[in-house]
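Novice: coords please:
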Amino acid sequence: MATLQATGMKSLSKWLGLFLLCTASQGVSAGEPWQDALAQMPLGVPQGEGIELGRTNCVPLMLDAFQSNRVVKALIFMPGATDELCFFRRARATLTNANPTLLDAVTALTNQTFIQATFQPPLLLLRTTEDSLEGFAAVKNEKTAAKLRQRLVPGRAQLEDADWGAVRSTLKGKAGIGLRPFENTMPSWHFYRHNFAACGVTDWEMLETLALAGKTTFTVNWLTADFQPDRRAGVAPKLEHFPVR
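Specialist: I've put the predicted structure just below:
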């Protein structure tokens, strides 16, 4: 009996060791940090000149700089971030290095403004505390949702200050599901304008990108993904003094 017990313990230890080894291997090969990926992407500004990111140049510069890679599949400006840049006009960040990268731009924004960077693999979100990150998706047809998680959206999609009509036009023939509502209908009037660049995303990740960029929620049905305004209100960034700068 003692021999059988010892043999069982050895077998358990062997399988436990294999499990821990596999888990460790998965952690090592999980991929490079998102910061490393962005550090390989030039910002595309004249060499040797400092630059200030602000209302007129921040979004297009950063979205244009985003490149296809294995780690980050989309760069998304959420409404809280674009409000800081374009509505409140208090988000300005200075870059002083000669050859800035997209990572330098993200770092400058997060160090010098209320904008935060949050990585929800494979989506990199530029946001503030006003932006909701979860609870925006509902599924009524599991088979359709499973297909959306497998199918890749072909090519690259980039939108700047785009209304819902521009979103539907850009994704027409690319998305594996119909997008509702139609353009120029009352529900879409309450969507925020979309600012993102995406490459290599699945259909499901594209739906997430649209919801995060436009402050909406969506429901997956058999043939359509139906978007609605997200009525949840977040916590506004706290001003220590005014003006900010």
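
Novice: helices of the protein, start to end?
Specialist: Assigned by DSSP state H, the chain shows helices spanning 2-28, 34-38, 58-65, 79-82, 102-112, 142-150, 164-171, 203-214.

Novice: hey, which helix or strand in the protein has the poorest pLDDT?
Specialist: Least confident helix or strand of the chain, by mean pLDDT, DSSP states H and E, is helix 2-28 with a mean of 37.

Novice: what's the neighbour count on the closest residue to Leu103 other than its chain neighbours?
Specialist: Leaving aside its sequence neighbours, Leu103 sits nearest to Leu38 (CB to CB, 6 or more residues apart in numbering; 3.9 Å). Where you see a C-beta, it was placed from the backbone N, CA and C, and this is true even at glycine. Residues lying near Leu38 (other CB atoms under 10 Å) number 26.

Novice: what about Ala105, how many residues nearby?
Specialist: Neighbours of Ala105 (other CB under 10 Å): 23.

Novice: revised request: answer the last question for Arg55.
Specialist: Using other CB under 10 Å, Arg55 is surrounded by 16 other residues.

Novice: any idea how far it lies from Val153?
Specialist: Going from Arg55 to Val153 by CB to CB, to the nearest Å gives 30 Å.

Novice: ok, now which ones touch the spatially most central residue of the chain?
Specialist: The centre of the chain sits closest to Leu123, judged by CA atoms, centre = their mean, with a distance of 3.1 Å. Neighbour list for Leu123: Val72, Lys73, Ala74, Ile76, Glu205, Glu208, Thr209, Leu212 [criterion: CB atoms under 8 Å, 6 or more residues apart in numbering].

Novice: one more: Arg180?
Specialist: The contact partners of Arg180, taken as CB under 8 Å, 6+ apart, are Thr224, Ala225, Asp226, Phe227.

Novice: what pLDDT does the first one get?
Specialist: So that's Thr224. Thr224 carries a pLDDT value of 98.

Novice: can you check the last one too?
Specialist: At Phe227, the predicted lDDT confidence score is 98.

Novice: how close does it get to Trp189?
Specialist: In this view, Phe227 and Trp189 are 12 Å apart by CB to CB.

Novice: which one of these two has more residues nearby?
Specialist: Between Phe227 and Trp189, Phe227 has the larger neighbour count (other CB under 10 Å), namely 23 against 11.

Novice: hmm, the more buried one is touching Thr209, no?
Specialist: No. In this structure Phe227 lies outside contact range of Thr209 using CB atoms under 8 Å: 11.9 Å.

Novice: about what we covered before: how far away is the residue nearest to Leu103 from Asn141?
Specialist: 36 Å.
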